[in-house]
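A.B. asks: my questions are about this predicted structure, shown below with the sequence.
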Amino acid sequence: MDASNSGYDQTAEDQLLAASGWEHDGYRLFSISTLAASSARGWFAPMGESNALFMAKSMWAELGGFDERFALPGGGLSNHDLYRRACELDGAQLVVLLGEGTFHQIHGGAATSGRVGWDEMHDEYVKLRGRAYQPPTNDRLYVGSVPDEALPGCQVRATVKVTGPTGVEMEALTAVSVACLTIYDMIKAVERGVRIEGIHLVEKMGGKSGHYRA
């Protein structure tokens, strides 16, 4: 969602696609892409949504399908809502296919263009569901493996919780920094050019300042 603000456009995407060789090996798309914001927690952490959701017909009937009350352009958090409700069904087993994915190309969508922001989408969700949105925490059964094309870099995430009257953003950022330095120390013998970058706060819930999501 921040790509266009960083100078990424259709021309840049066309150049990446042309050089990737994806027509001969679809998994090459992983080498020129990045995880979506809803999956920013990493490969083995709870996902915020799924763009390829499969279930038995009977479960779909029990779920009631897509909730058409989500009326914002682009559907708002309707996809997140569908995924969370599916995970909340009795007896549901969440299976994650590692190394498989759906890929968004740059386009003028409501969210990706910035016409509709997270706060507006989240407010609509709260009005419909009466609660803040949080990713499902179901135990996940992983099938397959992370493709080699997705491994040029790694992502480190830290989650910190506290019951006292203080924030813990600095503790989370420190944990990530130490973890990144530890990884560098372990691999510097074979690759000294590794870069540590992009350390930032992804999400904060609770406290006087309320909910924040990057």
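C.D. replies: Yep, that arrived.
A.B. asks: which one is Y212 nearest to, not counting chain neighbours?
C.D. replies: Spatial nearest neighbour of Y212, excluding adjacent residues (Cβ to Cβ, 6 or more residues apart in numbering): K204 at 4.3 Å. Yep, even glycine has a C-beta here, placed from its N, CA and C like the rest.
A.B. asks: which residues touch that neighbour?
C.D. replies: K204 sits next to G167, E169, H211, Y212, R213 when contact means Cβ atoms under 8 Å, 6 or more residues apart in numbering.
A.B. asks: now the two most distant members of those residues.
C.D. replies: Taking Cβ to Cβ as the measure, the contacts of K204 span a maximum distance of 15.2 Å, between G167 and R213.
A.B. asks: show me what stretch 39-50 is in contact with.
C.D. replies: Outside of stretch 39-50, the residues that reach it under the criterion Cβ under 8 Å, 6+ apart are 35, 37-38, 79-80, 83, 96, 98, 133, 135-138, 140, 142, 146, 150, 155, 157, 202, 214.
A.B. asks: show me which of those residues are buried.
C.D. replies: When these are checked for burial by 16 or more other Cβ atoms under 10 Å, the buried set is A37, S38, N79, H80, Y83, V96, Y133, P135, P136, N138, R140, A150.
A.B. asks: and the third one, what is it in contact with?
C.D. replies: If I follow you right, that is N79. For N79, the contact set (Cβ under 8 Å, 6+ apart) comprises E49, S50, N51.
A.B. asks: of those, grab the buried ones for ChimeraX.
C.D. replies: One line in ChimeraX is enough to select the buried members of these, burial here meaning 16+ other Cβ under 10 Å:
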select :49,50
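A.B. asks: just the contacts of N79 now: which is nearest G65?
C.D. replies: G65 has its nearest neighbour among the contacts of N79 in S50, at 15.0 Å by Cβ to Cβ.
A.B. asks: so which of the buried ones among the contacts of stretch 39-50 sit within strands?
C.D. replies: Secondary structure of the buried ones among the contacts of stretch 39-50 is defined by DSSP state E; positions in strands are V96, R140.
A.B. asks: what two of the buried ones among the contacts of stretch 39-50 are the furthest from one another?
C.D. replies: Spatially, the most separated pair among the buried ones among the contacts of stretch 39-50 is Y133 and A150, at 26.4 Å (Cβ to Cβ).
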